[in-house]
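A.B. asks: this one's structure only:
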């Protein structure tokens, strides 16, 4: 058998790289479809109207026409040759039946796949595969809190999505760009399905979100439908992976040596997910979270008050400790003021209506008390 010439070897290598690039673009298509389908299912499930996938045979025929129309030939061919094509076709037709405009969506998804294909062809450098925590963090940094991000993290297909992201990243693909584009498509799917189901397109602000508004949520990306009564869901809504939460809980306990019971009250408090979200944001910004938490054992003013409310006080204290600048006051610290005393001593506050009614209005311009001259009031001290 003849040895391949350098030109033939180069041609084979180019063909292999091109094939790998196309297959990677197909992965990107599957990822976007998995996210869109997860959003569709969740929206219908909330309304109690989750629909089964259409028959595979009919879906394959109809979806093939749509894909050939809007995707490049090499990508569409590879897509339809895949063993999972019938399932993808069913997802596409289910989206169409739910009210999604495929003629608007598919061209945008096609742009994503082309970008991926070209990026892989240009960059074959591989990086080490990382676990799902990395991709949960990337979701938190790339996509805003809301129904799309929650649908991704709560989907049974999440581990597979994370594995796909890892594969794309290995091939030099900008996964953040894909997630940003996929989020936009997910929002469109959420709104289209919600419209068909006659549900609200914008999530109603939950009671938990309203009650938590203030210092606990300042600077954090909080979904309007935050559900703190379901901790597992709340952590998903805030894109905090289970292993991340376990690590943050451990950090809180280590910051309170000898106060195990109190530390348990903190990490089991209803609003703990908000503390964990702030810790995650601080880590992303490179701030020393452990150093901030150490203030809990130095300033124990949170111990003052009813024991039944200590969990809530600890949450507030932890939040204050995390937000307080190193060596300085809290970012938004407030000084408590006795408003009654302040008003009684303030020169800017005039007499009450009852007092004003007893005498005529003064004829001279108003003057601050410490600058007034004249006779001392009867009964006052004499010099």
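C.D. replies: Happy to help now that I have it. Keep in mind the model is a prediction, meaning the values are calculated, not measured.
A.B. asks: Helices of the stretch 151-300 of the chain, start to end?
C.D. replies: Secondary structure of the stretch 151-300 of the chain (DSSP state H, counting those that start in this stretch): helices located at 158-170, 175-196, 207-212, 231-237, 242-254, 260-267, 272-284, 289-293, 295-298.
A.B. asks: Which secondary structure state does residue 66 sit in?
C.D. replies: Using DSSP: H, G, I helix; E, B strand; the rest coil as the criterion, the local structure at residue 66 reads helix.
A.B. asks: For the lengthiest helix in the chain, the averaged confidence score.
C.D. replies: For the chain, the helix that runs over the most residues, judged by DSSP state H, is helix 6-46. In this model, helix 6-46 has a mean pLDDT of 77.
A.B. asks: Endpoint to endpoint, stretch 147-167 covers what distance?
C.D. replies: Across stretch 147-167, the terminal residues are separated by 25 Å (CA to CA, to the nearest Å).
A.B. asks: Could you find the closest non-adjacent residue to residue 23?
C.D. replies: Using CB to CB, 6 or more residues apart in numbering and skipping residues adjacent in sequence, the residue nearest residue 23 is residue 78, 6.3 Å away. No exception for glycine: its C-beta is placed from N, CA and C like everyone else's.
A.B. asks: so that neighbour sits in a helix?
C.D. replies: Yes: counting by three-state DSSP, one finds residue 78 located in a helix.
A.B. asks: So for residue 68, which of the helices of the stretch 151-300 of the chain sits nearest?
C.D. replies: helix 175-196 (20.0 Å; CB to CB).
A.B. asks: Show me how far that closest one is from its chain's centre.
C.D. replies: How far helix 175-196 lies from its chain's middle: 15 Å, per CA atoms, centre = their mean, to the nearest Å.
A.B. asks: From the contact counts, what lies against that helix?
C.D. replies: helix 6-46, helix 102-122, helix 132-142, helix 147-154, helix 158-170 (3 or more CB pairs under 8 Å, 6 or more residues apart in numbering; DSSP states H and E).
A.B. asks: tell me the SS of the residue positioned nearest the centre of the chain?
C.D. replies: For the chain, the residue nearest the mean C-alpha position is residue 145 (3.3 Å; CA atoms, centre = their mean). Secondary structure state of residue 145, per three-state DSSP, is coil.
A.B. asks: thought it was touching residue 217?
C.D. replies: No: contact status for residue 145 versus residue 217: not in contact, 10.7 Å apart, counting by CB atoms under 8 Å.
A.B. asks: on that earlier part again, assess the claim that the residue nearest to residue 23 and residue 28 are in contact.
C.D. replies: No: counting by CB under 8 Å, residue 28 is not a contact partner of residue 78; they are 11.7 Å apart.
A.B. asks: Of these two, give the one with the bigger neighbour count.
C.D. replies: Using other CB atoms under 10 Å, the more surrounded residue of residue 78 and residue 28 is residue 28, with 28 against 20.
A.B. asks: measure the nearest residue to that one once chain neighbours are set aside to residue 185 for me?
C.D. replies: Leaving aside its chain neighbours, residue 28 sits nearest to residue 116 (4.2 Å; criterion: CB to CB, 6+ apart). Between residue 116 and residue 185 the distance is 15 Å, computed by CB to CB, to the nearest Å.
A.B. asks: hang on, the earlier thing: so what's the residue nearest to residue 23 scoring on pLDDT?
C.D. replies: At residue 78, the predicted lDDT confidence score is 90.
A.B. asks: need the contact list for it.
C.D. replies: Neighbour list for residue 78: 22-23, 25-26 [criterion: CB atoms under 8 Å, 6 or more residues apart in numbering].
A.B. asks: out of the helices of the stretch 151-300 of the chain, which comes closest to residue 109?
C.D. replies: Closest of the helices of the stretch 151-300 of the chain to residue 109 is helix 175-196, at 6.8 Å (criterion: CB to CB).
A.B. asks: Okay, angle between that closest one and helix 158-170 too, please.
C.D. replies: With axes from the mean of the first three to the mean of the last three CA atoms, to 10 degrees applied, the angle from helix 175-196 to helix 158-170 works out at 140 degrees.
A.B. asks: avg pLDDT for helix 175-196?
C.D. replies: Along helix 175-196, the predicted local confidence has a mean pLDDT of 80.
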